[in-house]
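Asks: Below are the sequence and a predicted model for it; my questions follow.
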Amino acid sequence: MSTSHKDDFDVSEQNLSAKRDGFSSGFGVLAATLGSAVGLGNIWKFPYLTGANGGAGFLVVYFVATLLVGLPVMIAEITLGRHAKANPITALQTLAPKGQPWWLIGAFGMLASFLILSFYSEVVAWVFAYVAKAIGGSILSSDRQVTEAAFGALISDPLQSLLWQWLVLIVMGGILLLGVTKGIEALTKKLMPALFLLLLLLCGVSLSLDKAGEGLSFLFRPDFSKITASVVLTAMGLAFFKLSIGMGTMITYGSYFRADQNIPQTTFRVMSADLCVSLLAGIAIFPAVFTFGFEPAAGPALVFITIPAVFSQIPMGQVLMIMFFVLTAIAATGAMLSLMEVPVLIIHERLGLSRPQAVSITLALLALTGSTCALTNSTLADFKLFGLNMFDLFDFVSSNIILPAGGIFVALFIGWVWGFDKLRHALSNQGTLHNEKLARIVFFLLRYVSPLLILVVMLKGLKLF
Ligand code: PHE
């Protein structure tokens, strides 16, 4: 009985994979992967974490974590995904020896995706609300009190917070129902360059402000005395969050990669472009923070209170600010879609439900878990677990625990189970690319360096050791 059930399952799975949607071109792959990486992590999280953790020293640690841990794990995930052509749970089940529970990486990935989406959708909600506010014109000011009050009023209003979040969820659901290629690829391909240009313009404006020098030295002159174990953990968590790794997103996207795509090259390009966008956001924000007397450690509010001040300094500031928040919303959309793709694909392929059904279930669950984050600054302000409100708790548990732990297991899987030969074969596109040296370096990092480094940083950062 159980065997025949399993056969049925395998057959339906094969059917599903025969019909799998995928990215249609090399540029499409790059754009969609970049679309997943670039998002609120660059424009909202990177600046506020850098500000709250002492500036340049944090940046250095983040950079090292990206290179030593982020890059190899990202290459590993995309490779596993492309090889298995399935959702993260099925992928690891297929690739691992029978009976070994590596598929748990996919299961925890699904959990992380709900935790991240719960607060991420709320920050996207703020961005949507800021598009409306920018059109109304009320937030265009360099007066700290005005911009802080506007943000405070938004997040402490439970109804507004919830309604904007639901609007975000409905928009995402609509796009996902159009399918991987048409929805995600078309959107990200067209609009990423525009965001890049607008950020460049913002940097120009910010650099012409009075205290630009102070802002730049905060961002680029490291003071290592501020680096504690928990700062290092936060920086490493950001590296995982930024590259969308440790939770199956890149396994999922890898499953849409074409056989002739150069994985290490694509990964390196995505990482570099992603880093550029973060740095541009930092350069746009910190000179303004120091010039207008904002607090670098203002936390999640930082971008929302600072950016309007920068736009207030230029002609056509209002129109450009509307464009900025629209483009930020679109960048965040690419990332959010990739987050949602993990549970959607798992539900679709594992439970055999249709994509529309999988999308609906994911959205319904999210409306529930997300509302706890939407209400964090109002109705649920006093509700805390482990001393953290739901918004911060979901962020902490996902970025600083599940993602790094996922990274350890992905690295261990390739380093000790899958093995060098399979990795080399996959990275060289079955021998067509000559990158054996690179494969050796990636393998060495995955087998020894990344897992140990992540483990030590986690144990120290969580004060378990
Ligand atoms: N990398 C995205 C960002 O920076 C967030 C993300 C995390 C997306 C994990 C997918 C998976 O905004």
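Replies: In hand now; what should we look at?

Asks: And what about the residue nearest to residue 137 when sequence neighbours are not counted, helix, strand or coil?
Replies: For residue 137, ignoring the flanking residues on the chain, the nearest one in space by C-beta to C-beta, 6 or more residues apart in numbering is residue 318 at 5.7 Å. (C-beta placed from N, C-alpha, C; glycine too.) At residue 318, secondary structure determined by DSSP: H, G, I helix; E, B strand; the rest coil is helix.

Asks: Hmm, residue 136 and residue 318 touching each other?
Replies: No - look at residue 318 against residue 136 with C-beta atoms under 8 Å: they stay out of range, at 9.6 Å.

Asks: for the residue of the stretch 1-150 of the chain found nearest the ligand, what are its contacts?
Replies: Closest to the ligand within the stretch 1-150 of the chain is residue 41: 2.0 Å, counting by C-beta to the nearest ligand atom. Applying C-beta atoms under 8 Å, 6 or more residues apart in numbering to residue 41 gives the contacts 238, 241-242, 278, 335.

Asks: Those residues of this protein touching the ligand, which are they?
Replies: Neighbours of the ligand within the chain, by C-beta under 6 Å from any ligand atom: 36-37, 39-42, 116, 241-242, 244, 247, 249, 335, 338-339.

Asks: Now with 5 Å, please.
Replies: By the rule C-beta under 5 Å from any ligand atom, the part of the chain lying against the ligand is 37, 39-41, 241-242, 244, 249, 335, 338-339.

Asks: Apart from its neighbours in sequence, what residue is nearest the closest residue to the ligand within the stretch 101-250 of the chain?
Replies: Residue of the stretch 101-250 of the chain nearest the ligand, by C-beta to the nearest ligand atom: residue 244 (3.4 Å). Excluding the flanking residues, the one nearest residue 244 by C-beta to C-beta, 6+ apart is residue 36, at 4.6 Å.

Asks: isn't the one you found right next to residue 251, touching?
Replies: No - using C-beta under 8 Å, residue 36 makes no contact with residue 251, being 11.8 Å away.

Asks: Among these two, which residue is more densely surrounded?
Replies: residue 251 (32 against 26; other C-beta atoms under 10 Å).

Asks: does the more buried one sit in a helix or strand, and which one?
Replies: helix 249-254 (DSSP states H and E).

Asks: Quick check, pLDDT for whatever residue of the stretch 351-465 of the chain ends up closest to the ligand.
Replies: Closest residue of the stretch 351-465 of the chain to the ligand, C-beta to the nearest ligand atom: residue 403 (7.3 Å). Looking at residue 403, its pLDDT reads 98.

Asks: Over to residue 12?
Replies: The model's pLDDT for residue 12 equals 34.

Asks: Check the one 4 residues further on too.
Replies: According to the per-residue confidence, residue 16 scores 40 in pLDDT.

Asks: Residue 20 too?
Replies: For residue 20, pLDDT reads 68.

Asks: Quick check: helices, which of the residues of the chain next to the ligand are part of them?
Replies: 37, 40, 241-242, 249, 335, 338-339 (DSSP state H).

Asks: Of those residues, which pair is most distant in space?
Replies: Largest separation among these by C-beta to C-beta: 40 and 249, giving 14.5 Å.

Asks: Counting neighbours, go ahead and name the busier of these two.
Replies: More crowded of residue 40 and residue 249, by other C-beta under 10 Å: residue 249, with 29 against 22.

Asks: The more buried one against residue 36, yeah?
Replies: Yes - if you go by C-beta under 8 Å, residue 249 and residue 36 touch, sitting 6.0 Å apart.

Asks: Name the residues contacting each of those two.
Replies: residue 338.

Asks: Residue 133 reaches residue 139, doesn't it?
Replies: Yes - the criterion here is C-beta under 8 Å, and residue 133 meets it with residue 139 at 4.8 Å.

Asks: Find residues that contact each of the two.
Replies: In contact with both residue 133 and residue 139: residue 150, using C-beta under 8 Å, 6+ apart.

Asks: shaky segments in the stretch 151-300 of the chain?
Replies: 179-189 (pLDDT under 70).

Asks: let's see it at 80
Replies: 178-192 (pLDDT under 80).

Asks: All the helices of it, residue numbers only.
Replies: Assigned by DSSP state H, counting those that start in this stretch, the stretch 151-300 of the chain shows helices spanning 158-177, 186-207, 212-220, 229-242, 249-254, 263-291.

Asks: Need the winner for burial among the ones you listed.
Replies: helix 249-254 (a mean of 29; mean count of other C-beta atoms under 10 Å).

Asks: what's that one packed up against?
Replies: helix 26-37, helix 71-84, helix 88-95, helix 104-136, helix 317-351 (3 or more C-beta pairs under 8 Å, 6 or more residues apart in numbering; DSSP states H and E).

Asks: Just name the most buried of those.
Replies: helix 71-84 (a mean of 27).

Asks: Can I get that helix in CSV? Just the C-alpha atoms.
Replies: In CSV, the C-alpha atoms belonging to helix 71-84 read as follows (Å, rounded to 0.1, in the frame of the first residue of the first chain):
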residue,chain,number,x,y,z
LEU,A,71,29.5,33.2,-1.9
PRO,A,72,30.3,29.5,-1.5
VAL,A,73,26.9,28.8,0.1
MET,A,74,25.1,30.6,-2.6
ILE,A,75,27.0,28.7,-5.3
ALA,A,76,26.2,25.5,-3.4
GLU,A,77,22.5,26.2,-3.2
ILE,A,78,22.1,27.1,-6.8
THR,A,79,24.0,24.1,-7.9
LEU,A,80,21.9,21.7,-5.8
GLY,A,81,18.7,23.3,-7.1
ARG,A,82,19.7,23.1,-10.7
HIS,A,83,20.9,19.5,-10.3
ALA,A,84,17.7,18.3,-8.6
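
Asks: which ones are touching the residue in the stretch 301-450 of the chain positioned nearest to the ligand?
Replies: Per C-beta to the nearest ligand atom, the residue of the stretch 301-450 of the chain with the smallest distance to the ligand is residue 335, at 3.8 Å. By C-beta under 8 Å, 6+ apart, the residues touching residue 335 are 35-41, 120, 244.

Asks: hmm, try it at 6 Å
Replies: 36, 39 (C-beta atoms under 6 Å, 6 or more residues apart in numbering).

Asks: Find me the pLDDT at it, would you?
Replies: 92.

Asks: residues near residue 156, how many?
Replies: 14.

Asks: Make sure it is actually in contact with residue 377.
Replies: Yes - the criterion here is C-beta atoms under 6 Å, and residue 156 meets it with residue 377 at 5.2 Å.

Asks: Give me the common contacts of the two.
Replies: Contacts common to residue 156 and residue 377, judged by C-beta under 6 Å, 6+ apart, are absent.

Asks: mind checking how far residue 231 is from residue 57?
Replies: Applying C-beta to C-beta, to the nearest Å, the value for residue 231 to residue 57 is 8 Å.

Asks: And residue 97, by the same measure?
Replies: 43 Å.
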